[in-house]
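J.: Build the 3D model from these lines:
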Amino acid sequence: MLNLHSRLLLLTPVVIALLSLLPQHCPAAGHLSVTADEMKVALKTDRDEEDGFIEDVVDRVTNDNRPTAEQLPAAMVEGTFQWARRKPQHRFQYFKRGLTLRAAKIGVAL
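T.: Predicted structure coming up:
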């Protein structure tokens, strides 16, 4: 039986293909329709590191004082969040992996 890490690695090509179909840009670039706390509940975070990742992501969308190379489009975060929250298990892991891959495509390292 494969562990979680191995299963996620096997799913990576599928995840990349599906994520490429999600919108990349949003006219209201600094606005999210959900709060960090709502994301934590929906993605079922259970560790401080996971909560910190979500808080950093929200800050990358809403904080205009961050360097442009660190900012994320709201639509990218929203789309990845909506996709990950529909997963039956390991929602946060899907969100983190998916967003990390999508952000890398636009030159943002998470």
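
J.: quick one, helices of this structure?
T.: 4-19, 36-42, 48-62, 74-85, 91-105 (DSSP state H).

J.: Reformat those as CSV; add mean neighbour count.
T.: (Each C-beta comes from the backbone N, C-alpha and C, glycine too.) Formatted as CSV, the helices of the chain follow (neighbours: other Cβ atoms under 10 Å):
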stretch, mean neighbour count
helix 4-19, 12
helix 36-42, 16
helix 48-62, 17
helix 74-85, 21
helix 91-105, 20
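
J.: could you redo those as CSV and give each row mean pLDDT and distance to Thr68?
T.: Converted to CSV, the helices of the chain look like this (pLDDT from 0 to 100; distance: least, Cβ to Cβ, whole Å):
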stretch, mean pLDDT, distance to Thr68
helix 4-19, 66, 22
helix 36-42, 97, 22
helix 48-62, 96, 11
helix 74-85, 96, 14
helix 91-105, 97, 13
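
J.: Hmm, Glu50 is touching Phe92, no?
T.: Yes. Assessed by Cβ atoms under 8 Å, Glu50 is found in contact with Phe92 at 5.2 Å.

J.: where do the contact lists of the two overlap?
T.: Counting by Cβ atoms under 8 Å, 6 or more residues apart in numbering, the contacts common to Glu50 and Phe92 are Leu43.

J.: Would you mind measuring from the residue nearest to Glu70 when sequence neighbours are not counted to Gly98?
T.: Closest residue to Glu70 apart from its sequence neighbours, by Cβ to Cβ, 6 or more residues apart in numbering: Arg60 at 5.9 Å. According to Cβ to Cβ, to the nearest Å, Arg60 stands 15 Å off from Gly98.

J.: isn't Phe95 right up against Thr80?
T.: Yes. Counting by Cβ under 8 Å, Thr80 is a contact partner of Phe95 at 6.0 Å.

J.: residue contacts, the spatially most central residue of the chain?
T.: With distances taken as Cα atoms, centre = their mean, the residue of the chain nearest its centroid is Leu99 (3.5 Å). Leu99 is in contact with 57, 72, 76-77, 80, 110, counting by Cβ under 8 Å, 6+ apart.

J.: swap the cut-off to 7 Å and go again
T.: 57, 77, 80, 110 (Cβ atoms under 7 Å, 6 or more residues apart in numbering).
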